[in-house]
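*Asks:* got a predicted structure plus its sequence, pasted below:
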Amino acid sequence: MTNKPAFNYISYSKEYNLPRNGTKMLLYYLNDLKIHDLEKYHSVGQTIDCGYRMGVEDCDYKYWNQCTVEDIDYKLYIQSHDTYVEPIEVYNNVWNWLIDNYSDISYYSEMSRSKKGFHFIFYFDVDRTYNNWMMCKAMSIWVIKKAFKECGYEEAITYNKVWDSHSSTLYQPIFLTKINCNFNNNCSGKCKEIAMSNYYDIKREYDLMYEKACNIEKKKSNNTKNDNVNNKESYDTSRDKWEISFDFDFDNNEVEYLDHTQRWLLFCSLSGLCGNDDEKLKSLWCECAAKIPEMNGHTKEYYRKCPYINDWNRKRTGKEYIDKNLLNMFNININFKVKEGYEDKSEEKTNKVTKTRVYLP
């Protein structure tokens, strides 16, 4: 492998917390990395090569180093079973199977600090985009599950929380150890044939990831901005019952900065508002993008292209959750009117339920 991926890396004393987002980090190739005393220090990496700790608020896939991590906490299986295969045997068998069957993408492995868990890192020679990261992450999940199953450890990998789904974000820290580590110098990153040959299995993992990400964003939005709203409104969740109209008065004033998640929610709200009208959506999005301040290296041109670079537009349904308050920030005012024939049922629901948001499935 000639183009070795560089990783964000930082080492810090266990007396302190993980450094905050934005903290300067070093860049290292894994085979050049010297791990300090694991009893005194944490050695943390990210599959990112920007040189500072990245988090959800400044997540940017152009800094993805084309690697994904699968974190297997085999310790949880050991704690709940009287009989089990020794961790070192499981680890060696799975790595050997990966090299025998998927050498092109299997890059690195190590045991966790407890020597009862494993880290497997995969490398993909693809462009650095959100959609490619999602596809490659889905591929590495599928491959690692397949490896455990083929080696006879399906019960272990499917046991509660043994496979760590927390590694399903780009910016998730990796606590590196280099214990019993393996490097595959023949890793090329070629993955097209793997993806095409196993399309439906990998797509299943992709769809599960996407569904989980959407559910997380819904929960976040439900618990944040409208906690202190006094005038709560209630709407039935059936789109067929509502006549939706809106008006807008765009000016040249900028709004407050929106992070990656908020921009995604804004686009989803506009999508729900515009339905199947792609041109209207694009027009409204460009107007909104022009009002977001340029920060963290992001330009207004980047905001404008973001939904199309990051594949938000391709996955939209036109029936997304509509965040009224977020749209109001951009002087987009929405009016919901119950269609004729639904008034009585709507009033009955209003008396029983109060909501601060409108969700249109």
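*Replies:* Structure received.

*Asks:* doesn't Leu284 fall inside a strand?
*Replies:* No. Assignment of Leu284 by DSSP: H, G, I helix; E, B strand; the rest coil gives helix, placing it outside any strand.

*Asks:* next up, the contacts around the nearest residue to it once chain neighbours are set aside.
*Replies:* Nearest residue to Leu284, sequence neighbours excluded (C-beta to C-beta, 6 or more residues apart in numbering): Leu270, at 5.2 Å. The way it works is simple: take the backbone N, C-alpha and C, and place the C-beta from them, glycine included. When contacts are counted by C-beta atoms under 8 Å, 6 or more residues apart in numbering, Leu270 touches 281, 284-285, 288, 327.

*Asks:* do you know how far Lys300 is from Tyr308?
*Replies:* Distance, Lys300 to Tyr308, by C-beta to C-beta, to the nearest Å: 15 Å.

*Asks:* the more surrounded of the two?
*Replies:* Using other C-beta atoms under 10 Å, the more surrounded residue of Lys300 and Tyr308 is Lys300, with 15 against 12.

*Asks:* do I have it right that that one meets Ala289?
*Replies:* Yes. Lys300 is in contact with Ala289 according to C-beta atoms under 8 Å; the separation is 5.9 Å.

*Asks:* where does the stretch 251-361 of the chain have low pLDDT?
*Replies:* Within the stretch 251-361 of the chain, the stretches with pLDDT under 70 are 252, 336-361.

*Asks:* and the helices in it, which stretches?
*Replies:* 260-274, 278-289, 300-309, 324-328, 343-352 (DSSP state H, counting those that start in this stretch).

*Asks:* tell me the most buried of the ones you listed?
*Replies:* Using mean count of other C-beta atoms under 10 Å, the stretch among the helices of the stretch 251-361 of the chain with the greatest mean number of neighbours is helix 260-274 (a mean of 22).

*Asks:* between helix 278-289 and that helix, find me the angle.
*Replies:* Put simply, helix 260-274 runs at 140 degrees to helix 278-289, going by axes from the mean of the first three to the mean of the last three C-alpha atoms, to 10 degrees.

*Asks:* the chain should start at 355 in everything you say after this.
*Replies:* Okay, residue one is now 355; in that scheme the one you just asked about reads as helix 614-628.

*Asks:* tell me what angle helix 614-628 forms with helix 654-663.
*Replies:* Going by the same axes, to 10 degrees, helix 614-628 makes 70 degrees with helix 654-663.

*Asks:* export only the CA atoms of helix 614-628, formatted as CSV.
*Replies:* Extracted in CSV, the C-alpha atoms of helix 614-628 (Å, rounded to 0.1, in the frame of the first residue of the first chain):
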residue,chain,number,x,y,z
HIS,A,614,-24.0,20.7,10.2
THR,A,615,-26.9,19.1,11.9
GLN,A,616,-29.0,22.3,11.9
ARG,A,617,-28.3,22.8,8.2
TRP,A,618,-29.5,19.2,7.5
LEU,A,619,-32.7,19.9,9.5
LEU,A,620,-33.2,23.1,7.6
PHE,A,621,-33.0,21.3,4.3
CYS,A,622,-35.3,18.5,5.5
SER,A,623,-37.9,21.2,6.6
LEU,A,624,-37.7,22.9,3.2
SER,A,625,-38.1,19.5,1.6
GLY,A,626,-41.2,18.7,3.6
LEU,A,627,-42.6,22.2,2.7
CYS,A,628,-41.9,21.9,-1.0
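
*Asks:* what helix or strand is the residue nearest the centre of the chain located in?
*Replies:* The residue lying closest to the centre of the chain (C-alpha atoms, centre = their mean) is Thr523, at 4.1 Å. Remark: Thr523 resides in no helix or strand, with elements defined by DSSP states H and E.
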